[in-house]
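Chemist: Structure of the sequence below:
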Amino acid sequence: MNDSPRETPAGDLAPETEDAADAALEADPAGGDGGEYLGELGAPLSRHSPFVWGFFGGLGLFVAWWLGGLVTSIGPTLILVVVALFLAAGLNPAVEFFERHGLRRSYAVLTVIVAALAALGLFVVAIVPVISDQVQSITDNAPDWLDSLQQNKRVQELDAEYDVIDKIKQYVSDGNYASTLFGGVLGLGLAVLSALANAFIVIVLTLYFLASLDKTKKALYQLAPASRRERVTLLGDRVLRGVGGYVSGAFIVAMCAGISSLIFLFIVGLGQYAVALAFVVALLDVIPMIGATIGAVVVTAIGFAEDPRIGIACIVFYVVYQQLENYLIYPRVMARSVDVPGAVTVIAALVGAALLGVVGALLAIPTAAAILMLTREIVVRRQDAR
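Modeler: Have a look, this model is predicted:
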């Protein structure tokens with residue numbers, strides 16, 4: 001027989017228990033410690049009291065705010081992790097290619113990483129000195145280009161009012177604009193060291209993610225209920241394939257832009273700057289929507305400064321090429337990886353750029369494609385079944 005006090009649903013003592021407590025207090029008003037009588041005990045605080053709800057609600061809000069501050073403080077580190085994840089997803093198709101040809105996962109990962117690092121090393125050894133020399137040549141010729149701009153009447157009016165040309169010419173001729181941009185020589189050195197450290201972290205994280213991608217996927221898929229695990233696995237693999245296809249496709253599209261620009265610049269008469277400008281075009285072409293346009297504007301401006309006919313040729317070339325890229329190259333390359341309407345692409349890129357800058361713009365399109373795919377496969381199909 002259970003003689004423990006029975007509680008009411010609200011957490012208060014049952015009536016007979018309250019009577020026993022009152023009788024005990026009447027027998028010993030001081031509460032058993034022999035001290036002064038301090039009044040009768042009140043009922044326990046109800047769990048449904050507004051004070052309890054307010055206290056624990058405020059405590060939860062404070063904890064959420066504290067955790068949000070922690071996440072914000074490690075924002076740069078999280079960006080590096082996300083970039084490494086996307087790079088790992090982009091290199092995974094190459095790893096799976098070697099796996100299909102008989103290599104174990106570990107050896108396939110090692111082969112891909114060594115090939116990628118070798119390609120990067122060859123680029124640094126063979127191309128970076130050329131780019132550096134051509135950038136220096138652009139810097140040396142910039143004052144002459146500014147002199148040629150002074151022949152324009154509108155530019156002469158602006159220069160007479162604001163002395164723009166002389167200020168730009170002095171700024172470029174000093175050669176210290178890079179140091180000034182990063183806060184002096186010490187700031188420039190710290191910026192270079194920070195960039196190298198971030199690159200090293202991304203490479204190491206990419207290696208780890210790539211090596212343990214299968215185990216990581218299986219561990220995450222195990223969190224789904226057994227009845228839905230197969231579907232979650234298929235959807236997750238499809239998202240990863242889409243991300244990997246987008247990263248690989250963006251690299252191919254950028255290479256097409258860079259190589260075509262390199263050939264065009266040699267033909268049109270800008271061979272002394274061709275490698276540097278083609279690298280800039282390829283690098284900017286990775287950025288959705290605006291990257292290709294920015295690269296075209298940079299090349300066209302230098303073309304006009306060199307010779308107006310070269311500038312006009314640059315305008316014609318990049319207008320034609322961007323149409324080919326937008327309607328022929330990009331759709332064919334991305335056909336099997338991402339399927340995103342044009343309006344969604346623009347909105348996703350704008351939102352991503354607003355949240356995370358250039359990195360957000362790069363990751364926005366595959367993220368939007370994954371969300372659209374999951375929406376079609378889960379939400380739309382569930383609605384159609386009703």
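Chemist: Am I right that residue 84 is in contact with residue 213?
Modeler: No. Shown here, residue 84 and residue 213 do not form a contact pair, counting by CB atoms under 8 Å, at 11.4 Å. The way it works is simple: take the backbone N, C-alpha and C, and place the C-beta from them, glycine included.
Chemist: need the strands for the stretch 201-350 of the chain, in chain order.
Modeler: For the stretch 201-350 of the chain, strands defined by DSSP state E, counting those that start in this stretch do not occur.
Chemist: Okay, now the unreliable bits of it?
Modeler: 335-337, 339, 342 (pLDDT under 70).
Chemist: For it, just list every one of the helices.
Modeler: 213-221, 229-268, 274-285, 291-306, 308-324, 330-334, 342-374 (DSSP state H, counting those that start in this stretch).
Chemist: Can you add distance to residue 383 and give those back as JSON lines?
Modeler: Below are these laid out as JSON lines (distance: least, CB to CB, whole Å):
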{"stretch": "helix 213-221", "distance to residue 383": "25"}
{"stretch": "helix 229-268", "distance to residue 383": "17"}
{"stretch": "helix 274-285", "distance to residue 383": "39"}
{"stretch": "helix 291-306", "distance to residue 383": "37"}
{"stretch": "helix 308-324", "distance to residue 383": "38"}
{"stretch": "helix 330-334", "distance to residue 383": "28"}
{"stretch": "helix 342-374", "distance to residue 383": "14"}
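Chemist: out of those helices, nearest to residue 88?
Modeler: Of all these, it is helix 213-221 that lies closest to residue 88, at 6.2 Å by CB to CB.
Chemist: Show me what that closest one packs onto, helices and strands only.
Modeler: helix 229-268 (3 or more CB pairs under 8 Å, 6 or more residues apart in numbering; DSSP states H and E).
Chemist: 10 Å instead?
Modeler: Under the contact definition 3 or more CB pairs under 10 Å, 6 or more residues apart in numbering; DSSP states H and E, helix 213-221 sits against helix 75-100, helix 105-126, helix 229-268.
Chemist: Check which helices and strands the last one sits against.
Modeler: With contacts taken as 3+ CB pairs under 10 Å, 6+ apart, helix 229-268 sits against helix 75-100, helix 213-221, helix 274-285, helix 291-306, helix 308-324, helix 330-334, helix 342-374.
Chemist: Buried residues, the third one. List them.
Modeler: Translated: helix 274-285. 274-282, 284-285 (16 or more other CB atoms under 10 Å).
Chemist: and the angle from that helix to helix 308-324?
Modeler: 40 degrees (axes from the mean of the first three to the mean of the last three CA atoms, to 10 degrees).
Chemist: Check the first one too.
Modeler: Between the direction of helix 75-100 and that of helix 308-324, the angle (the same axes, to 10 degrees) works out to 70 degrees.
Chemist: helices or strands up against helix 75-100?
Modeler: Packed next to helix 75-100, using 3+ CB pairs under 10 Å, 6+ apart, are helix 105-126, helix 184-211, helix 213-221, helix 229-268, helix 342-374.
Chemist: Could you tell me which residues within the longest one count as buried?
Modeler: The reference is to helix 229-268. 233, 235-236, 239-250, 253-254, 256-258, 260-262, 264-265, 268.
Chemist: what do you get for the shortest one?
Modeler: In terms of neighbour count (16+ other CB under 10 Å), helix 213-221 has its buried residues at 213, 221.
Chemist: Give the burial count for residue 58, as a bare number.
Modeler: Using other CB atoms under 10 Å, residue 58 is surrounded by 10 other residues.
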